[in-house]
Structure formats: C-alpha cells, structure tokens
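1. can you look at this prediction? I've put the sequence above it.
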2 protein chains.
Amino acid sequence: MTEPIKLLLADDQALVRGALAALLSLEPDLTVVAEVGRGDEVVPAARRTRPDVALLDVEMPGLDGIAATTALRAAVPGCRVLVVTTFGRPGYLRRAMEAGANGFVVKDTPARQLADAVRRVHAGLRVVDPTLAAETLATGPSPLTERETEVLRTARGGGTVAELAATLHLSEGTVRNHLSAAIGKTGARNRADAVRVAEENGWLLGE
Amino acid sequence: MTEPIKLLLADDQALVRGALAALLSLEPDLTVVAEVGRGDEVVPAARRTRPDVALLDVEMPGLDGIAATTALRAAVPGCRVLVVTTFGRPGYLRRAMEAGANGFVVKDTPARQLADAVRRVHAGLRVVDPTLAAETLATGPSPLTERETEVLRTARGGGTVAELAATLHLSEGTVRNHLSAAIGKTGARNRADAVRVAEENGWLLGE
DNA sequence: CCACCGCCCTGACAAATGTCACGGGTGGAA
DNA sequence: TTCCACCCGTGACATTTGTCAGGGCGGTGG
C-alpha cells in the first residue's frame, strides 16, 4: 500500500469542518493533516503540512475560497484544490476554475461521493458537478463591468445614493448611472432586486 | 452498558448530514437511526424509527427547523430536539425555544462538543450557547407586527409596491405604511435595509 | 361602556430613485 | 489611425418611495 493522501480542510464552521474530518478519516487511504477556519490561514498551514489536496469552502472570513485558491496555487503548486461550497452559484464555479481549482463540489452532493472526488482530484482529474457546469455555460460570464460590480457590491449594505457616492468617491449621478446599467443588465426592477440577482449568480465575489 | 442513544439527523445539505453522521457515529454510545433532507420528512421518519434525540437544521426546504420542532414535539413527545444552525440569529433561538426545543447549537462550535450537547439534551438538560442567549435577551422579541412582518417578508423578493400590494391583496398605501413602520422600528434607512436587519435578527421566519 | 391597539385605507407631500441624452477622457482592437 | 467600449460626469425628467395626518373598523380589557 502506498502513502495515504494528505488533506487540508478549510471551512469557517467548526462543526462542519470537524464532521468532514471525521467523514474523510473513515477512508483508509485519506488522512487529514490540517484544519483551518479562515481563508488567510490556508497558505501558512499548507506550507507547514504540505497536503496533497486542499478542500476549501468559498464563504470564509479573512480571504474567500477563490482568493485562497489563487494564493495556494502560487505558494504550493503541488497541492491540488477541491472547492466545496454551500451555494451552487454559476459564477463561483467559473471563478474557482479560473483561479486554478481542480474540482468543484456542492455541499448537497451525497457524502459518499466526497472521498471519490478527493481521489480523482489527487489523480489529476477534474471534478465538476455536470448540472452546475451546464448552468454556468448557459448563464455565461458576468455582464457587469468592473465599476458596476463595485457599486452593486457597495449597495448591498442598503444605503442611499449619497452614501454610496461618498464611500466610492464618485458623483451621485455616476452612481445612479452605474446602478441603472446594472439593473438593466440583470433584468431587475429595483436596485435591491439587482443586488439579489447578481448575488445569486455569484457576480459579487471579491472583497 | 445501556442502550445507545438513537439519533435523527435533518439537514438539507447531504454532505454536511453525512459528515455529521460520521462524526457522531464515532461515539460508542450514539447511533444514527435516520437521516432526512427536508423539514416535512422529520415527523414521518421519527414515527418510523423512534429516535431519542433529533438534530434539526433551521434552514430546510419543505418545513423550516422551527416548524419541524413544533410538529415533532406534538407527534413524538418522547423525542428531544437539538436545533443545529448556521446562523446565530437571536430570533432563531427564541423561536426554537418557544417551539419546544431542548437545545440550540451554532455550527461554529467545536466538533467535539456536539456529542456532549446530544448527551445533555438526552439527559433532560437544556443546551444553549451563553453568548447567543445574552444577545437574545438584549435584542428582545421582534418589534414588528404580524402584517409588517408579512409585508417585509414579501418585500424580500425585491418588487415594487404595486406588486407587493397585488400579491398581498392590500392597497398600495397600506403597504407603504407597513413598510414605513418597519423601517422605523428596525432603525433602517431603506426598505432594503429594513429587510436586511429583520433577516439578520431572525424576524422573518415562517413560510 | 369606553379607551386602546392593531389593522386597513385615503390623500397628499417631499425625497429618493431610475432613466435618458449628452460630452469628454482613456485605452485596447481593428 | 480610427473605431469602440468603458469610465466619469452633468443636468433634467418621470416614477417610485417614504412620511405624515387623518378616519373607519373590530377586538380586548379596564
């Protein structure tokens, strides 16, 4: 028998993290060598423990899973990345793959498939939920321009145009223009609706 | 040695559900007798398998964890309920306790404490995160009236006042009044802001 | 009984929002 | 170079939104 596959787990919910560790430790060919709860702890832990595969959640404090993927691929090239996330948002998959992830698994896939996904990723294969992949192809990339995304992201907090303009150092008219464009592109009726749509599609990632 | 404690797990994310099962099955005095992914499957499964303790997530399709708690306490009185949730929202804890839950655990508690929480609940004790309990007492119950809550809940979708009025069978003026009252009570600036605040406090639960 | 409270509605008003047309600036692609 | 897309800004406009002051209705409790 060969060496077991060494795993790093990153998830902000300690209970889920521990449970995943228990689940994966049941497999004789897998061993968990590190667990972290923040995105910015991924690279330091990986440098220390040299895992073969890292399982990263997208929603994490410090650094989101996508950014952590980028950092990890740069710092420890030999370590493969399997992104495990709650939300099957098309934009997440796209961004994860662009960041260099080797696999993408949603948290409502059956538990028994997770170990297989890990093994496939370790073997150099790509693992992607086919349904989500189709959806991603269908929705296409974000139609929003960079500023529109930024404005929409800031508008999540629910402030007035004046406040948005102040925090973004823009004029009110410009903010309104960007919002109007975003509303049009998302097919929404409202600013709030536009924020919702963009968020559901994973177009508001980063920062 | 006595009989092991029989558990029912309810969580919409199959991966988390399976992982929790793996984690709890490591304990010799615990055994998982049922796993379900929807709130409305809790009672039927409990009738079949007669668990001693049910671990219920709050966010579930079909029936949320609070409503499932109420139904389960009525249908299978001998079964204790431990609510396990992602979000430590004050309103959730309050509602869960009112519904008859015996314990309330947030998903970022350490994994090793979960089995103890289960044992305490089974022994008839109450298990509550002290920090969250304090916060709940501080925030108090929802200041929103029933209609205000309903209007705010409908406003989550992000439609215009006219649409809200149509789906709620109310006049536009009334909808505006309820929204205005809700905005005042939540200390928000906006309709969107009010929705956000109310949601974060767990005041929008049910349906 | 009457006061009170929540609910529903009206109408009107100021403020915020969404839309449009326009111009100037920049940088990349044809 | 010339185009084109994006960015930033202006100003004006119709619509929507939030607020306020009222009034009517049905319960509950002193």
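-> Arrived safely. Numbering: from 1, shown residues only, chains lettered A, B, ... in the order given.
2. for chain A, longest helix please?
-> helix A:172-186 (DSSP state H).
3. how close does the residue sitting nearest the centre point of chain A sit to A:Ala45?
-> The residue lying closest to the centre of chain A (CA atoms, centre = their mean) is A:Val58, at 3.2 Å. Here the criterion is CB to CB, to the nearest Å. By it, A:Val58 lies 18 Å from A:Ala45. No exception for glycine: its C-beta is placed from N, CA and C like everyone else's.
4. A:Gln113 too?
-> Applying CB to CB to A:Gln113 and A:Ala45 gives a distance of 25 Å.
5. how about A:Leu170?
-> In terms of CB to CB, A:Leu170 sits 39 Å off from A:Ala45.
6. ditto for A:Val83
-> 17 Å.
7. what residues sit buried inside the lowest-mean-pLDDT helix or strand in chain A?
-> One helix or strand of chain A scores below all others by mean pLDDT, DSSP states H and E: helix A:130-139, with a mean of 83. Across helix A:130-139, burial judged by 16 or more other CB atoms under 10 Å in any protein chain shown covers A:Leu132, A:Thr136, A:Thr139.
8. quick check: next helix or strand after it?
-> Later in the chain than helix A:130-139, the nearest helix or strand by DSSP states H and E is helix A:146-155.
9. so how far is whichever helix or strand comes after that following helix off the chain centroid?
-> Moving toward the C-terminus from helix A:146-155, the next helix or strand (DSSP H and E) is helix A:161-168. On the basis of CA atoms, centre = their mean, to the nearest Å, helix A:161-168 sits 28 Å off its chain's mean C-alpha point.
10. stretch A:182-195 now?
-> Its chain's C-alpha centre and that of stretch A:182-195 lie 23 Å apart, by CA atoms, centre = their mean.
11. go on, stretch A:51-66?
-> Centre to centre, stretch against its chain (CA atoms, centre = their mean), the figure for stretch A:51-66 is 7 Å.
12. list the buried residues of it.
-> Buried residues in stretch A:51-66 (16+ other CB under 10 Å): A:51-58, A:60, A:63-66.
13. between the two ends of it, how far is it?
-> Terminal residues of stretch A:51-66 lie 18 Å apart, using CA to CA, to the nearest Å.
14. ranges for the strands of chain A?
-> A:5-10, A:30-36, A:53-56, A:80-85, A:103-106, A:127-128 (DSSP state E).
15. can you say which of the ones you listed is packed in most?
-> strand A:53-56 (a mean of 26; mean count of other CB atoms under 10 Å in any protein chain shown).
16. will you turn the strands of chain A into CSV that also has mean pLDDT and distance to chain B?
-> CSV is the format used below for these (pLDDT from 0 to 100; distance: least, CB to the nearest CB, whole Å):
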stretch, mean pLDDT, distance to chain B
strand A:5-10, 96, 11
strand A:30-36, 96, 9
strand A:53-56, 96, 11
strand A:80-85, 95, 7
strand A:103-106, 94, 8
strand A:127-128, 92, 14
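17. reformat these as CSV; add distance to DNA strand D.
-> Below are the strands of chain A laid out as CSV (distance: least, CB to the nearest atom of the strand, whole Å):
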stretch, distance to DNA strand D
strand A:5-10, 31
strand A:30-36, 34
strand A:53-56, 28
strand A:80-85, 27
strand A:103-106, 27
strand A:127-128, 27
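18. does chain B sit close to stretch A:189-197?
-> Yes - interface with chain B: stretch A:189-197 contributes A:Arg189, A:Asn190, A:Arg191, A:Ala192, A:Asp193, A:Val195, A:Arg196 (CB under 8 Å from any CB of the partner chain).
19. what's the burial count for the fifth one?
-> A count of neighbours around A:Asp193, defined by other CB atoms under 10 Å in any protein chain shown, yields 18.
20. spit out the contact partners of it.
-> A:Ile183, A:Thr186, B:Gly157, B:Gly158, B:Gly159 (CB atoms under 8 Å, 6 or more residues apart in numbering or on different chains).
21. sorry, back to before: just checking, the residue nearest to the centre of chain A touches A:Gly88?
-> No - taking contacts as CB atoms under 8 Å, A:Val58 lies outside contact range of A:Gly88: 10.6 Å.
22. contact residues of chain A facing chain B?
-> Applying CB under 8 Å from any CB, one finds that chain A approaches chain B through A:12-23, A:26, A:37, A:84, A:86, A:105-112, A:114, A:157-160, A:188-193, A:195-196.
23. buried subset of the residues you listed as a PyMOL selection?
-> This is how PyMOL selects the buried members of the residues of chain A next to chain B, with burial counted by 16+ other CB under 10 Å:
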select buried, chain A and resi 12+13+14+15+16+17+18+19+20+21+22+23+37+84+86+105+106+107+108+109+111+114+158+159+188+190+191+192+193+195+196
